[in-house]
Structures are given as structure tokens and as C-alpha cells.
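**Q** Quick one, structure for this:
(chains A and B)
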Amino acid sequence: MRVPLGNIRTGFEGFRRLLDLEDTALRVSGDQCIIDMSQLQWLDANMCSILGAICHRVLSRGVQLDIEGLSGWTENTVRKNGFLSDFGRPTSIDWHDTTIKYRRFLEDPPGEFKSYVDSHFRAGSLGLPQMSEALLRRFRSSLFELLWNALEHSETEMGIFACGQYYPRKNRLDFTISDLGIGMRERIRRSLKMDLSPCEAIDWAMSGNTTKRGRVPGGLGLKLIREFITLNGGRIIVASDAGYWQFSGGEKSVQPFDKTFSGTVVTIEINTADQTSYRLKSEVDPADIF
Amino acid sequence: MGVQTIKLTDVIGNGFCIATEDGEKVHGSIVAAINSGDRVQLSFAGIEDLTSAFLNAAVGQLYGEYNEEELREVLLPPVDASQDDLTLLKRVVETAKDFFRDPDRFRDAVSEVIGDDNL
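**A** Numbering: from 1, shown residues only, chains lettered A, B, ... in the order given. Predicted structure coming up:
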């Protein structure tokens, strides 16, 4: 069976197309599925995170999966970021250093993820855009908060998938992290017995609430990222279950999908030209913490 | 009552303060110091990356084990911390106080999102 894939940009339509792809691929009656990319003229490279996650879920169901029809610029994109290596194909050199490699984290995610973040997002790293020290540190913290959110809440052993892309002419850096877990809505339903719609569930999680109970508090990580993105003038997108949630320019928008994604995908897009110092107007007094 | 300085990076062995498990190690050191009758001074020297997940485990959970007055007595002002680190620590502490004061606060938050009728 051949499943065509159209252009994939970071946004509702791109996610919807990938959910359609997964839905079709998971209903393959035979044992082989070809993702036909011959019509694909644009692929935001960071979206390889969710594409890779979907491919792994399909493969885990025993379906033989392959990709065909790639050519020119799009093929070069998925070779440079390492996505095609999942399909046994070689990578190519990223001469412009704008690629943040596609990676699946399975064993020792904290250690591996640290190496990954360090290799791409340390002052002086090849290809790192000109970012202020404060912005770089906030961005790194956001990546680690995202990782921990995925590790603590996804309840999956299928791994976590990450990929990013720097767009120098737009001063934008997009990073996407995906998991194949139970998703925010189901997590809230199981932990709190609350039945929210998919979009309500994402909004609830992004507002500083937590499903965590017991001795260790939580609920701050995603809220911190949202605050950071607001100051930075960037964008944050969360897709989970059948919900799409986006925050950009101080405005929130939500939209339901007609298909369900079992898992959670978070994309943060930062404005790399931002010179905000991220200092509060009044400094925190160490004697007034506890 | 003596003072024990606990340098976070010494407890976990590096400057990468992001993992809950590492936060638990720091929490263990803090609890041991408090239970031995000492006061605690946290040193943030050498920290490269810091997350709320780490601080929730290291410090936040103390507010479920001791009352706020006790903690104000035994936890001295942190040292060697940047303003970014202090800001994050204060947010974690405030969130922890709320969390343990009213564990069911999520109900209020949900009612704001979807309306009381749906609860």
C-alpha cells in the first residue's frame, strides 16, 4: 500500500496531514506500507520528530515501512538531519550547520539528551545562531523541561523523538519533541478522573496545573516555557490526542483534529534575534526564598 | 545547631541539575542535615543547567515534610546562585507551598477552564 504525503509545515495543517498518514498506515491490511513523498515539495525539518515517532509506531505493529519518492531539496533535508538513517540510508553533511539532528532517545534519556543539547546548543557550537547568553540558557532550560515533561508523563517505552531546524533568514529556531505515550487528556483522566476535551486538556496542562500527586510537586515546567516564549516573541505548539493548541504573539488558539494521536508533540519556536535580558524588574533576595 | 553547606554539584557529581533522580539525591542530603539538627545552606556554584523538575525533587517536596516555619528556620539563604537560579528556586518554593496547602487546587483551575457545570 502507498500512502501519499503532502507538504508539511509547522502548524495545524502539517500536523493534520501527519495524523492522516498515521491513521492510514496503521490500517494497512497487508504487511508493507510505502510513504510516497513524490508530491512533497516542502518539509519543515523539525517535523521529522513526529514523522519519526509515527514511523516507529507503525513499525512496532509489524508493518514493513519504507519511504519513496524523495528528491532534490527535501531528500537533502532528511539526509542532513539523519532522519533517513532510520531507513538504512546514509546521512549527508550539513554545510550550513542549520540542522539539529533527528534523534530517538531510548536508553538513559537524561544523559543522552544532555549530550545532544550540548552538541547543538552550547555557546560556540557550530551553526548556533547569534543568541544572547540569557536567551541561550533559557532555551536550554526549556529543552530540559520539555524532556522531563515527556519522561514523567508519557508512560511509554517507545522513546522520545527530537528534531530541530534553524531558519537563519527568519531568525527562527524550531525544535520539536514527540512521545508515543498516553497523551495529556488520558493522563488527566487517569490521574484526576477528569474528562476534558483534548484541547481543554492541553490548555489545562499549559496553565501551570499538574496531574502529579504525592510528595513531589510539579506543574511548573510547561508554564515556565510558556512565559519564556511570551517574552521571546516566539511560538509554542502542543498537539496531543485530538487537540491542537498554539500560543503565539500573546494569543492562544485551539483547534480539534478529526483523528487522534496517542502521544504528545511539543514544538517551541524561538526568535533568535531577541535581546531580552530575561531579568525581572526587581531582583530576588536570597534571604526571601523560603 | 551547626551549618552544613550543601553544594548541589558535589552531591550529583556534575553541573547538570535537570533530573528528578539527581534532585532526590540533594533532597536526601538536605533531610539528613536537618534531621541531624543542623541548618542548611545550599550552594549553587558550578551549576550549568537547572530545571524545575530537579528543584521540585530537591527542595519542593520538603514543604510536604516540614512546615513552612521550620523550613524558614533551618534553610539559610542560598549562596553562589545567579539571579536566574534564585528566580527559579523562588517559583518552585511558591508552587510547592501552594501544592501542599491545597492539593485539590486543580479543581479550581479546571472550573476556570471548562466551567463548574462540567465538574
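**Q** Quick check: residue B:26 vs chain A, distance?
**A** From residue B:26 across to chain A, the span is 12 Å (C-beta to the nearest C-beta, to the nearest Å). C-beta: built from backbone N, CA, C; applies to glycine.
**Q** hey, which helix or strand in chain B has the poorest pLDDT?
**A** Least confident element among the helices and strands of chain B, by mean pLDDT, DSSP states H and E: helix B:105-114 (a mean of 49).
**Q** Endpoints of stretch A:190-209, how far apart?
**A** End-to-end distance for stretch A:190-209: 15 Å, by C-alpha to C-alpha, to the nearest Å.
**Q** what mean pLDDT would you report for that stretch?
**A** The average pLDDT within stretch A:190-209 is 88.
**Q** Stretch B:29-46 now?
**A** Mean predicted lDDT for stretch B:29-46 stands at 97.
**Q** List the buried residues of that stretch.
**A** Of all the residues in stretch B:29-46, those buried under the rule 16 or more other C-beta atoms under 10 Å in any protein chain shown are B:29, B:30, B:33, B:34, B:40, B:41, B:42, B:43, B:44.
**Q** Just the ones of those residues in helices?
**A** Within the buried residues of stretch B:29-46, residues falling in helices by DSSP state H are B:29, B:30, B:33, B:34.
**Q** what's next to stretch A:116-123, contact-wise?
**A** Residues outside stretch A:116-123 that contact it (C-beta atoms under 8 Å, 6 or more residues apart in numbering or on different chains) are A:100-101, A:103, A:105, A:125, A:127-128, A:133, A:136, A:139-140, A:143-144, A:162, A:164.
**Q** which parts of that stretch are buried?
**A** Buried residues in stretch A:116-123, counted by 16+ other C-beta under 10 Å: A:116, A:117, A:120, A:121.
**Q** A strand includes the first one, no?
**A** No. Looking at residue A:116 with DSSP: H, G, I helix; E, B strand; the rest coil, it is helix, so not inside a strand.
**Q** Could you spell out the sheet neighbours of the one helix or strand residue A:263 maps to, each with its direction?
**A** Here residue A:263, judged by DSSP states H and E, is contained in strand A:251-271. In the sheet, strand A:251-271 lines up against strand A:172-179 (antiparallel), strand A:235-248 (antiparallel) (DSSP bridges).
**Q** so where's chain A shaky on pLDDT?
**A** Low-confidence segments of chain A (pLDDT under 70): A:124-130, A:212-213, A:277-282.
**Q** State which helix of it is the longest.
**A** Counting by DSSP H, the longest helix found in chain A is helix A:133-153.
**Q** who does that helix touch, helix- and strand-wise?
**A** Where contact means 3 or more C-beta pairs under 8 Å, 6 or more residues apart in numbering or on different chains; DSSP states H and E, helix A:133-153 is packed against helix A:109-120, strand A:160-167, strand A:172-179, helix A:221-232, strand A:251-271, strand B:49-50, helix B:52-58, helix B:83-101.
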